[in-house]
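*Asks:* Let's see this in three dimensions:
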Amino acid sequence: MRTTPRPNGKYVTLRQAEKEYALPYHRLYRWVERGQLPRLSRNISGCSIYIKRSDLDAFLESNTDEVCRS
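*Replies:* Residues are numbered from 1 along each chain as shown. Below you'll find the predicted structure:
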């Protein structure tokens, strides 16, 4: 699924995940809003949503059907 090598770091914004995992931003955002993917925090301006890479990897592995459908 990933199109580029993953940089070091435990956390990733949805925009970074969009590029690294080749998934649409709206799909990632929808998973966070539904509570399917845990949100870590927002930055001070409230624009970026951070998630754990390990949470995203685990979610994608256990939900391959939903990833393909959504």
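
*Asks:* CA atoms only: put the helix or strand encompassing Ser54 into CSV for me.
*Replies:* Following DSSP states H and E, one finds Ser54 within helix 53-62. C-alpha atoms of helix 53-62 as CSV (Å, rounded to 0.1, in the frame of the first residue of the first chain):
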residue,chain,number,x,y,z
ARG,A,53,1.7,4.8,13.0
SER,A,54,1.4,1.5,14.9
ASP,A,55,-2.4,2.1,15.3
LEU,A,56,-2.7,2.8,11.6
ASP,A,57,-0.7,-0.2,10.6
ALA,A,58,-2.7,-2.5,12.9
PHE,A,59,-6.0,-1.0,11.6
LEU,A,60,-5.0,-1.5,8.0
GLU,A,61,-3.9,-5.1,8.6
SER,A,62,-7.1,-6.1,10.4
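
*Asks:* Show me which positions of it end up buried.
*Replies:* Buried residues in helix 53-62, defined by neighbour count with 16 or more other Cβ atoms under 10 Å: 53, 56, 59-60. For glycine as for every other residue, the C-beta is placed from the backbone atoms N, C-alpha and C.

*Asks:* Could you list every helix and strand that it packs against?
*Replies:* Here helix 53-62 touches strand 11-13, helix 14-21, going by 3 or more Cβ pairs under 8 Å, 6 or more residues apart in numbering; DSSP states H and E.

*Asks:* now do 10 Å
*Replies:* strand 11-13, helix 14-21, helix 25-34, strand 49-52, helix 64-69 (3 or more Cβ pairs under 10 Å, 6 or more residues apart in numbering; DSSP states H and E).

*Asks:* Go through these and name the closest to Leu40.
*Replies:* Relative to Leu40, the nearest member of the helices and strands packed on helix 53-62 by Cβ to Cβ is strand 49-52, separated by 4.2 Å.
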